[in-house]
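**Student:** Provide a 3D model corresponding to the input given below.
(chains A and B)
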2 protein chains.
Amino acid sequence: TAPCGGHGRRGHTMDKSITLPPDEIFRNLANAKRFAIDIVAKVRSFDHATKASSDKLYEISVQEEVTPRLHFIKFENAYIETCLDFIKDHLVNTETKDIKATVDKEDEMTCLIKGCNFVLKNIPHEAFVYAKHADSEFRFQTTQPDIFPYLLVNIGSGVSIVKVESEDNFERIGGSSIGGGTFWGLGALLTKTKRFDELLQLASKGQHTSVDMLVKDIYGGSYASLGLTGDLIASSFGKSATADREFSKEDMSKSLLHMISNDIGQLACLYAKLHNLSRVYFGGFFIRGHPVTMHTITYSINFFTKGEVQALFLRHEGYLGAIGAFLKGAEKDNPNQYSWGENYAGSSGLMSVSPDMNPMQRARSGTFDMLEMDRLERQLVNLPLLLDPSSYVPDTVDLTEDALAREYWLYCFEEALDGVVKRAVASQPDTQEAAERAEKFSQKYRHKLQTLRHQPFAYGSLTVRSLLDTREHCLNEFNFPDPYSKFGFEEAKQQLEAWKPCLWLSDLWCFLFQGPPHKCALFFVDNKLLFRGTEVVLASNSGPALNDVTNGELQILTERLAAMDPVIETGLRDERLTLVQSGSSSPCLDLSRLDKELAMVVRERQTDLVIIEGMGRAIHTNYYAMFSCESLKMAVIKNAWLADRLGGKLFSVVFKYEVPSEKPSQPSAALTRS
Amino acid sequence: TAPCGGHGRRGHTMDKSITLPPDEIFRNLANAKRFAIDIVAKVRSFDHATKASSDKLYEISVQEEVTPRLHFIKFENAYIETCLDFIKDHLVNTETKDIKATVDKEDEMTCLIKGCNFVLKNIPHEAFVYAKHADSEFRFQTTQPDIFPYLLVNIGSGVSIVKVESEDNFERIGGSSIGGGTFWGLGALLTKTKRFDELLQLASKGQHTSVDMLVKDIYGGSYASLGLTGDLIASSFGKSATADREFSKEDMSKSLLHMISNDIGQLACLYAKLHNLSRVYFGGFFIRGHPVTMHTITYSINFFTKGEVQALFLRHEGYLGAIGAFLKGAEKDNPNQYSWGENYAGSSGLMSVSPDMNPMQRARSGTFDMLEMDRLERQLVNLPLLLDPSSYVPDTVDLTEDALAREYWLYCFEEALDGVVKRAVASQPDTQEAAERAEKFSQKYRHKLQTLRHQPFAYGSLTVRSLLDTREHCLNEFNFPDPYSKFGFEEAKQQLEAWKPCLWLSDLWCFLFQGPPHKCALFFVDNKLLFRGTEVVLASNSGPALNDVTNGELQILTERLAAMDPVIETGLRDERLTLVQSGSSSPCLDLSRLDKELAMVVRERQTDLVIIEGMGRAIHTNYYAMFSCESLKMAVIKNAWLADRLGGKLFSVVFKYEVPSEKPSQPSAALTRS
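**Tutor:** The predicted structure is shown next:
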């Protein structure tokens, strides 16, 4: 497969996905092996700077914004002409500024490592452990603040074992000629089957024990004094040395697969031990999504390290080289000033590897696969007040593990879809084809939800946050950047009345102000704005998400309030009230990916109170987050199912107030009233 | 091949070799895999206790002596019935006391390690480095006083990697299923060739580059930034993955061999590094004398350790299991009270592996091979006065390296053979078939010399000492334990006159007695007996060798002298003159294999002078030996060629007197007079 990157608008329509015909096969372009194209395209935004009307409290003028995006398409060489045609037809004659083609074989390993560093740093739940017989096939790893050092075992034709110590410092410490090419080459000679995937298919059906000589074949049972079990392979292909019979293609393929996987597993373990490395990532075409090779490698690593080292795989392993090639070309751009996020709308996600996988999906897996990364024009960092950044997990419930919750939320989001479509259309009343685009959005998101029902692990851990993000990404994909832009105050008021908003805020204030005053409070707001007292940092979204207030809106709003309220005016003037964008565009909150400036302000102000408010920020995420200072999480439970699950009633109010102790402790207080 | 041990007399004749018909093939005995038989047989000695006659200075009564010997025969399973028949016909109904059959599969590894420890400790030049393109194929390692710790890589069907830390302490730290069975099994599937040796033959003729994908096949040249040369194998069998053509059996076999050898080499290196072991021995049927596998393993180890670790092979690797099985059975005998020596007459020796090897010898290599070990009823230890036991090498010239010297000495021993035969016959005047046996001895020794001409490395390093030992062993094999037993004083006197014995002893005495008196002098005597002064330890041979005096003879002789000489009488009574056997039965002297009692006496007496006398002990061996006390080496050069080589005349006298300094130094004095 040849990874290829490209992104742009398709003709005159506004949907930006590249649709390659997966069922159309072209001739081989033998010499073309890999090329990465980086195209920076403008996302058209909408100017809502219309006149103020009586039913609108405020009007926001959104600047046209450039959203750079990396778009990688991975497809078989057979599709290279389709791709080139697409580029010629759609990209070359547009206003696209820059086409980069990187054909730099010398730096293959550098690109690979750069790509690996990139996905490990920027894509949450990038790495996973594969467990064939576990409830969920994949167990995703939380992104660590420091990804170094690690061992990368790249299994292409041969094997390269690379120790990566920092962004620019890596060394090939070992390798082996027994790799994917050996499986393919020996497999082809033994079975006359020339296709790699077919060989793997054969292997998945075979019995290695009819070809391999086991310990019990030699000793009648285990060889206890040496710690060898009877089922251990004593000699790969040992039975074919002397037996005078035919061996099936399936059995030989399986034996070959075991032989190669076990060997690589042992080598990887030895190099990991020798260099004292505990994180070992496996990649290369031998691994790439193939369950049977992931399984044998995992088994081998468990065997040789007695569980001390885990075999880790990467969701986007197939893109590492192309990503690295792009990054290498983009080095002059100072990549450190950016952050990146996976765009769930434009990325295919991880395929199911179970045998009962949707055949259509399986067909796609063999043809092409996509990854889109949105570039955020800011650095995202940990909230400095997190008690232990390395163990912080934003999401409260992992829906890949909680099947009941998954079912509910997928149903929930599907049910809400029509409402979202209506709101999206309503947000662009002057645009002719809004309804058509909204319908496309609806199809796409519905399809995503269906996919996630069968492959919850497609984008790593499935959470309410990722479901919300996916919806935002799909809306954005069809140019509905802010469906709530026409969401008026009267509408909001009606909703608030439906939720029976109680006077819980005064209760909270009484509770908080019992003790000595805080130096500075950090308040993550959602769609309810409130502040009182002095020294408050209001952190709001950088981009739109549902009807949550954005930092831009909050600025205008605060200025208007200041004109009415002298307390707010003084606060703003004395910088005792500060508005900072959070770096997020989600109704949820990932405290490990916050705007660097917010982190700086938090540190400067010696913040000693964190307030997180709203269901998305305080319940779906961060409910279990621990801070080094006092914290308050509060939300109205606006969902009957969740209220039931939490043992309360709909529209109950959750307060979770915690004071840190030396060790991470139990919550000091958790109030619920309805 | 199934190693099998057995030793005994053949019918009524006195030659003790088992002659299995190597060209007779029997049916397979499928289930019989290995059995070790240990038979202790009596070596008949001759009682020379006849009456004293006027021409004999002394008469020695030699007790009938039991010489236990281990006799291993290694042969293909095809010969198992021949062997069983032989046992039934020749051994079961004789007076043989004890037949042990060890069929103890559980202890295979224990036996292997025991056997390995045994050969490393007891057989000089057991381990060697293999160098395909060097002047001499094999470079033998000096036996180290401490053989532990080491790594044993046993490549049978699979691979076991065992760390051996002491006699009883070993651990299988790793292994691999890619071993000899994989070469054989995959080779059989790929080439339809079912015989292991044929596969190796195919491999030795193949070109792996037509099947393997090299670094240059991928990158056009080297991959310099990763330190990979263009010729490095990137992917074993990588070319057969996509190429649509046939591959030759030879090329596939070669590629397979490289694949497996390189893999084992890398694993061995990694385990050696991880456990900080510098000595790595390779064994198992994959290695067993096969030059092509020794070469690829050596190459691989050099590649992976950059020369830091050497691949070591064992001359008797194929016997380890059988030796271990024997030793395990003999544990109640307290094996520590014995020492062992390789019997050159009864051992086949290492085969040449060069392609122009004698076809007859090659045929034998495929059929059977023998090893005989003589058990000495004493422990052999280092002389405590050796300056550095670990660097001590007894032999002055290694004839495997010095081709000119080798040619001369082989010629010399061949020329002397008729004389030895005559003396042997003369030593048994009353025995009818002595002439017939002597002729057999002659044939055998001549054959040995011829073999050594073509395979000087057959028994490790070839030396004058080993040539002498081989002759003694062959004589003994045909029951001529002491050809010089009839060697009279008159005959000796004539020889002495021929050598123009000069009055060098008085010169020596003057020289030695210039300084303060020594506490104790250790005198290694050959066939000239002399002592003077006080506190003298006379070390003489334990068994006969040429006309050298044995300890037994010296005892009788000294008693007779004491009766004539009051100085000697007082010396013996006051224990100022002590006679101790050296532990040797050779005209030469290996100071690393001395009787333990001698070492004890040397230590107790605070010996401060070592005198080594005679060509065998002071020129052929020990000429360069360094001591921690004063030493004197002296000899009459009774050989024109050697005199010429040393730059002197025939019958020159060599004195080499050395006083040790802090560091090993140059000789302080070396006198030569003729």
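**Student:** how about the helix or strand containing A:I568: buried residues?
**Tutor:** Here A:I568 sits within helix A:566-573, counting by DSSP states H and E. By neighbour count with 16 or more other Cβ atoms under 10 Å in any protein chain shown, helix A:566-573 contains the buried residues A:568-569, A:571-572. Every C-beta, even on glycine, is put in place using the N, C-alpha and C of the backbone.
**Student:** Then stretch A:240-255?
**Tutor:** Buried residues in stretch A:240-255, counting neighbours by 16+ other Cβ under 10 Å, are found at A:240-241, A:247, A:249-255.
**Student:** A:H316: what's it in contact with?
**Tutor:** A:119, A:123, A:126, A:323, A:371 (Cβ atoms under 8 Å, 6 or more residues apart in numbering or on different chains).
**Student:** Any chance of the buried residues of helix A:566-573 in JSON lines with distance to chain B as columns?
**Tutor:** Listed next are these as JSON lines, based on distance: Cβ to the nearest Cβ, whole Å:
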{"residue": "A:I568", "distance to chain B": "60"}
{"residue": "A:E569", "distance to chain B": "62"}
{"residue": "A:G571", "distance to chain B": "58"}
{"residue": "A:L572", "distance to chain B": "56"}
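**Student:** what two of those residues are the furthest from one another?
**Tutor:** Farthest apart among the buried residues of helix A:566-573 by Cβ to Cβ are A:E569 and A:G571. That separation is 7.2 Å.
**Student:** From the recorded domain assignment, give the ranges for chain A.
**Tutor:** According to the TED database, chain A is divided into the following domains: A:125-319, A:385-478, A:499-658.
**Student:** now the end-to-end length of the second one.
**Tutor:** Taking Cα to Cα, to the nearest Å as the measure, domain A:385-478 stretches 37 Å from start to finish.
**Student:** Strands of the stretch 51-200 of chain A, start to end?
**Tutor:** Using DSSP state E, counting those that start in this stretch, the strands of the stretch 51-200 of chain A run over A:69-75, A:127-130, A:138-140, A:150-155, A:159-166, A:169-176.
**Student:** okay, now A:G158: neighbour count?
**Tutor:** 27 (other Cβ atoms under 10 Å in any protein chain shown).
**Student:** my guess is it contacts B:G238, does it?
**Tutor:** Yes: counting by Cβ atoms under 8 Å, B:G238 is a contact partner of A:G158 at 7.2 Å.
**Student:** Pull up the residues of the stretch 251-400 of chain A that are close to chain B.
**Tutor:** Neighbours of chain B within the stretch 251-400 of chain A, by Cβ under 8 Å from any Cβ of the partner chain: A:252, A:258-259, A:262-263, A:266-267, A:270-271, A:273-274.
**Student:** and of these, the nearest to A:V636?
**Tutor:** A:K273 (52.9 Å).
**Student:** so who does the closest residue to that closest one other than its chain neighbours touch?
**Tutor:** Once flanking residues are discounted, A:K273 sits nearest to B:L274: 6.1 Å by Cβ to Cβ, 6 or more residues apart in numbering or on different chains. For B:L274, the contacting residues are A:270, A:273-274, by Cβ under 8 Å, 6+ apart.
**Student:** So which of the residues you listed belong to helices?
**Tutor:** Judged by DSSP state H, these include A:270, A:273-274 as members of helices.
**Student:** what sits against A:G583?
**Tutor:** Shown in contact with A:G583 (Cβ under 8 Å, 6+ apart): A:339, A:376, A:378, A:380, A:542, A:593-596, A:598.
**Student:** If we use 7 Å, what do you get?
**Tutor:** A:378, A:380, A:542, A:593-595, A:598 (Cβ atoms under 7 Å, 6 or more residues apart in numbering or on different chains).
**Student:** Redo the ones in helices among the contacts of B:L274 as CSV? Include distance to B:I556 and pLDDT.
**Tutor:** Converted to CSV, these look like this (distance: Cβ to Cβ, whole Å; pLDDT from 0 to 100):
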residue, distance to B:I556, pLDDT
A:L270, 64, 96
A:K273, 66, 94
A:L274, 65, 95
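**Student:** so which of the residues you listed comes closest to chain B?
**Tutor:** Nearest to chain B among those, counting by Cβ to the nearest Cβ, is A:L270 at 4.1 Å.
**Student:** Contacts only, for the closest one.
**Tutor:** Counting by Cβ under 7 Å, 6+ apart, A:L270 has contacts B:270, B:274.
**Student:** likewise A:G174?
**Tutor:** A:161, A:267, A:271.
**Student:** just how off-centre is stretch A:377-391 within its chain?
**Tutor:** Distance of stretch A:377-391 from the chain centroid (Cα atoms, centre = their mean, to the nearest Å) equals 17 Å.
**Student:** Would you mark the buried spots in it?
**Tutor:** Under the neighbour-count criterion of 16+ other Cβ under 10 Å, stretch A:377-391 has A:378-387, A:389 buried.
**Student:** residues in contact with that stretch?
**Tutor:** Under Cβ under 7 Å, 6+ apart, the answer for stretch A:377-391 is A:144-145, A:337-339, A:392, A:583, A:591-596, A:599, A:602-603, A:607, A:610, A:626-629, A:660, A:664.
**Student:** What's the PyMOL syntax to select whichever of those residues are buried?
**Tutor:** A single PyMOL command is used to select the members of the contacts of stretch A:377-391 judged buried by 16+ other Cβ under 10 Å:
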select buried, chain A and resi 144+338+339+392+583+591+592+593+594+595+599+602+607+610+626+627+629+660
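**Student:** The contacts of stretch A:377-391 in strands, which ones?
**Tutor:** Among the contacts of stretch A:377-391, the members found in strands (DSSP state E) are A:339, A:594-595, A:610.
**Student:** returning to what we had before: make TSV out of the contacts of B:L274 and add distance to B:T293.
**Tutor:** As requested, these are exported to TSV (distance: Cβ to Cβ, whole Å):
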residue	distance to B:T293
A:L270	22
A:K273	28
A:L274	26
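**Student:** of all those residues, which comes closest to A:N476?
**Tutor:** A:K273 (46.5 Å).
**Student:** What is the neighbour count of the closest one?
**Tutor:** 17.
**Student:** show me the contacts for whatever residue of the stretch 301-450 of chain A ends up closest to chain B.
**Tutor:** The stretch 301-450 of chain A approaches chain B most closely through A:F304 (8.3 Å), counting by Cβ to the nearest Cβ. A:F304 is in contact with A:265-266, A:269, counting by Cβ under 7 Å, 6+ apart.
**Student:** Chain B: which of these is nearest?
**Tutor:** Of the contacts of A:F304, the one sitting nearest to chain B (Cβ to the nearest Cβ) turns out to be A:Q266, at 6.7 Å.
**Student:** From A:F286, how far out is that closest one?
**Tutor:** 15 Å (Cβ to Cβ, to the nearest Å).
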